[in-house]
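A.B. asks: I would like the atomic coordinates for the input below:
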Amino acid sequence: MRRRIPRFAFSAFVSCGLLAAAPLPAVADDTDLLRFLDQASFGPTSAQIARAQTIGLSAWLEQQLTMRISTYPSLPMMPGTRPTRCAGDCQRDHYTMYLLQNRFFVNALYGQDQLRQRVAWALHKILVVSGRDVTLPSRMAPYLAIFPRNAFGNYRRLLEEVTLNPAMGDYLDMATSTKSRPNENYAREVLQLFSIGTDLLNPDGTPQLDAEGAPLPAYDQEVVSGFSKVFTGWTYAPDPAPGIRNFFDPMVLRANQHDTGPKALLRGVVLPAGQTGQQDLADALDDIFQHPNVGPFIGSRLIRELVTSNPSPAYVARVTAVFDDNGGGVRGDLWAVVKAILLDPEARGAVPAGADQGRLREPALFVIGALRALGARSADGLGSSDGYLSPQVVLMGQDVFRPASVFSYYPAEYLVPGTAGVRGPEFGLLSASTALRRANFVNTMVFSRINVGANAPRGTSLNLAPLEALAGDPVTLVDELDRLLMHGAMSPDMKAAVVQAVSAVSAANPRLRAQQAAYLACTSSQYQVQR
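C.D. replies: Below you'll find the model as predicted:
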């Protein structure tokens, strides 16, 4: 039966979300653990909660470091132009993001390496290659594999792998940049978006200002030109077969196409003439990596992805200090940075009541979190979901692995409408229509399912049996949803309203009670804004 969807009011997300002023309930003993799992994974499950409660947060973190990495499918390289004989499933599998998107959702729903995959997803949104331009999944897969492999590694190594990845070389034109025709695209974006940003930053992420109060620029056109010369001469490794471009192996240097003149870099560094392309590249990436902006720039982006869209300067400064030195004299240790973000006093403890705290769950995380909490499985209930969820997420404004531009899925500095400077990047995807589609998705999953189809070999449904078992007591039922979805932070007013709605359903129909409660909880602004 189709359920009536309440009319969307944008102000609800503001009043009950990032700008919530409603009184918060008392903190339960395990509230902080549940909140931690919401930040460090794609959403808590009952099994994950039980495991973390048994071994504790520190042990859970250490286990995540050693978990087997969830991978993407190995796909054969295909010609850039689709052969006419490749139609139907062949076209879908080899010339769209279908298989990669499905695997992303399967990894997020069921993978044991939750923290690694969560950080990899965040890094992919910072160092962007878009499947709108690199359209073959076999060309995207090696690029995507960089992020889980380096999620807990060193940022310098990550930056080098991204720089020499052929998908990046194709996307930002480094693969065709030569000494006679240097291309500035990668030089600009590696500085502006992938490492230091446009303004000089203090360690706490605030901009450094000149005497007139204007931000000081981090670099100028001469520096962009210098880096563009550094990146000349790098191109695709030899083709594995005629007509098949090599996107498997890192790019290689054509020495005769590399500019060997002097190059002005950051902070007055000038690379001398006559160096090899390999020397120039290593020196240039070291120059970027050593810039004091990298810690606050990358640290603040990761905080926003995992914890809150508006971290305090003190929070950013603490994370910057760890990026600069992990305690053992190592700079850029992402494992240390991730732990610092998740264990910081502003991430732990009581759920924050500040008007600017939290982050709107972007469509992919909204869908995955709800499905994990409510036991996603195949349409027949006998196996796991096939991960064919991209169409639903696209309707909400996010096309996984196909961001609109190098600036990612939404503007990093987007401000929540109607506020006085409250940052909320994910709100850039939220509108009346996309909010309604969120509710429609929940309606489909709670009261029906995603049926088996041509592109959904197993489909997706929910296992509501554990909730049905609690339906005899509406308060207990709603408490369980509060635990799974909101780590005990559901406001008293919301809890009372949901209990009242559930109580209005006959106790003789426990399934409808469970469905009613799940629908109201998942569509609420208090769930959709992660606190």
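
A.B. asks: where does the nearest residue to residue 52 once chain neighbours are set aside land in three-state SS?
C.D. replies: Closest residue in space to residue 52, ignoring its immediate chain neighbours: residue 60 at 4.7 Å, by C-beta to C-beta, 6 or more residues apart in numbering. All C-beta atoms are positioned from the backbone trio N, CA, C, and that covers glycine. Look at residue 60: counting by DSSP: H, G, I helix; E, B strand; the rest coil, its state is helix.

A.B. asks: Residue 60 touches residue 51, doesn't it?
C.D. replies: Yes: Residue 60 lies in contact with residue 51 (C-beta atoms under 8 Å); the separation is 7.0 Å.

A.B. asks: More neighbours: which of the two?
C.D. replies: Using other C-beta atoms under 10 Å, the more surrounded residue of residue 60 and residue 51 is residue 60, with 21 against 15.

A.B. asks: Check what pLDDT the more buried one gets.
C.D. replies: For residue 60, the pLDDT comes out at 95.

A.B. asks: Also residue 26?
C.D. replies: 36.

A.B. asks: do the one 3 residues further on as well
C.D. replies: On the pLDDT scale, residue 29 is placed at 51.

A.B. asks: Can you list the low-confidence ranges for this protein?
C.D. replies: Across the chain, residues meeting the criterion (pLDDT under 70) sit at 1-29.

A.B. asks: Quickly list the domain ranges of it.
C.D. replies: Following automatic domain parsing, one finds the domains of the chain at 10-62+354-530, 114-343.

A.B. asks: can you redo these as TSV with distance to residue 69?
C.D. replies: Formatted as TSV, the entries for the domains of the chain read as follows, by distance: least, C-beta to C-beta, whole Å:
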stretch	distance to residue 69
domain 10-62+354-530	15
domain 114-343	5
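
A.B. asks: I'd like to know which of these lies nearest to residue 87.
C.D. replies: Nearest of these to residue 87, taken as C-beta to C-beta: domain 10-62+354-530 at 13.5 Å.

A.B. asks: What ranges does the stretch 1-150 of the chain have for its helices?
C.D. replies: Along the stretch 1-150 of the chain, the stretches classed as helices by DSSP state H, counting those that start in this stretch are 10-13, 31-40, 46-55, 57-66, 89-95, 98-110, 114-126, 137-150.

A.B. asks: Residue 353 is nearest to which of these?
C.D. replies: Taking C-beta to C-beta, helix 31-40 is the member of these nearest to residue 353, at 13.4 Å.

A.B. asks: what's that closest one packed up against?
C.D. replies: Helix 31-40 sits against helix 46-55, helix 57-66, helix 114-126, helix 334-343, with contacts defined as 3 or more C-beta pairs under 8 Å, 6 or more residues apart in numbering; DSSP states H and E.

A.B. asks: Give me the distance between the closest residue to residue 507 other than its chain neighbours and residue 233.
C.D. replies: Spatial nearest neighbour of residue 507, chain neighbours left out: residue 472 (6.1 Å); criterion: C-beta to C-beta, 6+ apart. Noted for residue 472: a distance of 71 Å to residue 233, by C-beta to C-beta, to the nearest Å.

A.B. asks: Show me which of the two is the more surrounded one.
C.D. replies: Legend: neighbour count by other C-beta under 10 Å for residue 472 and residue 233, higher for residue 233 (25 against 11).

A.B. asks: how about the nearest residue to the more buried one, chain neighbours excluded?
C.D. replies: Per C-beta to C-beta, 6+ apart, closest to residue 233 is residue 258, 3.1 Å.
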